[in-house]
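1. any chance you can model this:
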Amino acid sequence: AFFASKVEHESKNCNSKGFQRSGSSAFDRVYTANQNCGHTYPTFLAMLWCAGLLCSQAPAAFAGLMYLFVRQKYFVGYLGERTQSTPGYLFGKRIILFLFLMSVAGILNYYLIFFFGSDFEMHIKTITSAISPLLLIP
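-> As a prediction, this is how the structure comes out:
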């Protein structure tokens, strides 16, 4: 809602009646940042859901909250110079990678149980719980 309201605000400041792609540079930055955030959101939801379901819910939820804050930082950084959005972008990629690795660990654990009868769920949960605070390091 915040991103959409910023796009609407910049659109009104451009003295245009509708959402046009060609406008001021401020509108272009806001519109592009909104589109970028919208395009990555489905991937984020899929990774969050898989990591929480297949591995551990608490570290996945923590990473999900971190991702939402990082996307806010990316969006606000994009409103300034484009180089200000780079830290938020890279931080977001790292969180998505963490969620992906959690999903892969959960899948591997399932197959280890299925084929060999070995359950490493508690070890995986301990490792992901220990690693998730490291996401705070920029």
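2. next secondary structure after the helix or strand bottoming out on mean pLDDT in the chain?
-> Within the chain, no helix or strand scores below helix 2-13, which has a mean of 68 by mean pLDDT, DSSP states H and E. Next along the chain after helix 2-13, taking DSSP states H and E as the criterion, comes helix 25-54.
3. next structured bit after that following helix?
-> Immediately after helix 25-54, counting by DSSP H and E, sits helix 57-79.
4. how far does the helix or strand that that following helix is followed by sit from its chain's centre?
-> On the C-terminal side of helix 57-79, the nearest following helix or strand under DSSP H and E is helix 86-116. With C-alpha atoms, centre = their mean, to the nearest Å as the basis, helix 86-116 stands 13 Å off its chain's centre.
5. what angle sits between helix 86-116 and helix 25-54?
-> Put simply, helix 86-116 runs at 20 degrees to helix 25-54, going by axes from the mean of the first three to the mean of the last three C-alpha atoms, to 10 degrees.
6. buried ones in the helix or strand following helix 86-116?
-> Per DSSP H and E, the first helix or strand lying C-terminal to helix 86-116 is helix 121-131. Along helix 121-131, these residues count as buried under the neighbour rule (16 or more other C-beta atoms under 10 Å): 124-125, 127-128. No exception for glycine: its C-beta is placed from N, CA and C like everyone else's.
7. format those as a markdown table; extra columns: pLDDT.
-> Converted to a markdown table, the buried residues of helix 121-131 look like this (pLDDT from 0 to 100):
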| residue | pLDDT |
| --- | --- |
| Ile124 | 87 |
| Lys125 | 88 |
| Ile127 | 90 |
| Thr128 | 89 |
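8. so which two of those residues are the farthest from each other?
-> Lys125 and Ile127 (7.4 Å; C-beta to C-beta).
9. and the contacts of stretch 32-44?
-> Residues from elsewhere that reach stretch 32-44, judged by C-beta atoms under 8 Å, 6 or more residues apart in numbering: 3-4, 6-7, 64, 67, 71, 74-75, 78-79, 85, 92, 96, 99.
10. most surrounded residue in those residues?
-> Using other C-beta atoms under 10 Å as the neighbour criterion, Leu99 leads the contacts of stretch 32-44 with 26 neighbours.
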